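Asks: Got a predicted model here, sequence first, then my questions.
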Amino acid sequence: WSLETIPERIPQLTDFFSIQQVESILHDPEQALLPREYDEKFHILQSPGLFLRDLEHYRRKCTLRDISISVGFIDIDDFKAFNTDYGETEVDRKILPLLMRTIEAHVYAHGHAYRFGGDEYAIIIPNSSREYSGNFINVLKDKIAGLQYQSIKGKTSVSIGVCNIDSNCFLTNQEIQQRA
């Protein structure tokens, strides 16, 4: 009988007010998106300092709409080998800018991309189901695998971990980042 029982649903503010009314009631300037800051070295992807704050912002907005969010963490495979074979300067001039522009262009208008370090990046994709984010990530991986670099013979590949967050997710923002 417990499997057939339908759980009680806790009423949400959006049951009584429109989403715009709820957003105006709950508006907190501390939770608004900050002006965009870009990574210090390349100025292509957004600063990692914005990541957790942006994630909180989108979690609040998506919870009101009962939609999910996807968070991806991207790591370049065998990055140390590129630095060893070509030198850090060549990698910084010929590989990383093109790779980051590819990530930024793919994520553009779908969410945000952040640079966490030499070979680590994160993305937030609001309003994305598990299926959508899986396809989105696979297309990004294919684009990166197809990149050709000036005077560099090697191909880049990336590993991407994804954490899909439903509107009722109990994880903290830091736990979501770690899971991705």
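Replies: It's in.
Asks: First residue to last residue on stretch 101-115, what's the distance there?
Replies: For stretch 101-115, the first-to-last residue distance is 11 Å (CA to CA, to the nearest Å).
Asks: List the buried residues for it?
Replies: Buried residues in stretch 101-115, counting neighbours by 16 or more other CB atoms under 10 Å, are found at 102, 103, 104, 106, 107, 110, 111, 112, 113, 114, 115. In short, each C-beta sits where N, CA and C put it, glycine included.
Asks: Nearest residue to the middle of this protein?
Replies: residue 123 (1.7 Å; CA atoms, centre = their mean).
Asks: and the spatially closest residue to that residue that is not a sequence neighbour, how far is that from residue 103?
Replies: Spatial nearest neighbour of residue 123, excluding adjacent residues (CB to CB, 6 or more residues apart in numbering): residue 72 at 4.4 Å. Counting by CB to CB, to the nearest Å, the gap from residue 72 to residue 103 is 10 Å.
Asks: Spit out the residues that contact the two alike.
Replies: residue 123 (CB atoms under 8 Å, 6 or more residues apart in numbering).
Asks: picking up where we left off before, check the residue nearest to residue 123 and give its pLDDT.
Replies: Predicted confidence (pLDDT) for residue 72: 96.
Asks: Of the buried residues of stretch 101-115, which belong to strands?
Replies: 112, 113, 114, 115 (DSSP state E).
Asks: Just confirm the last one contacts residue 46, I think it does.
Replies: Yes - here residue 115 reaches residue 46: they are 7.4 Å apart, a contact under CB atoms under 8 Å.
Asks: Can you pull the residues that touch both of these two?
Replies: Residues touching both residue 115 and residue 46 (CB under 8 Å, 6+ apart): residue 39.
Asks: Contacts for the helix or strand residue 124 falls within, please.
Replies: Secondary structure assignment for residue 124, by DSSP states H and E: strand 120-126. Strand 120-126 has contacts (CB under 8 Å, 6+ apart) with 45, 48, 51, 54-55, 58, 61-62, 67, 69-76, 100, 103, 107, 110-116, 132-133, 136, 177, 180.
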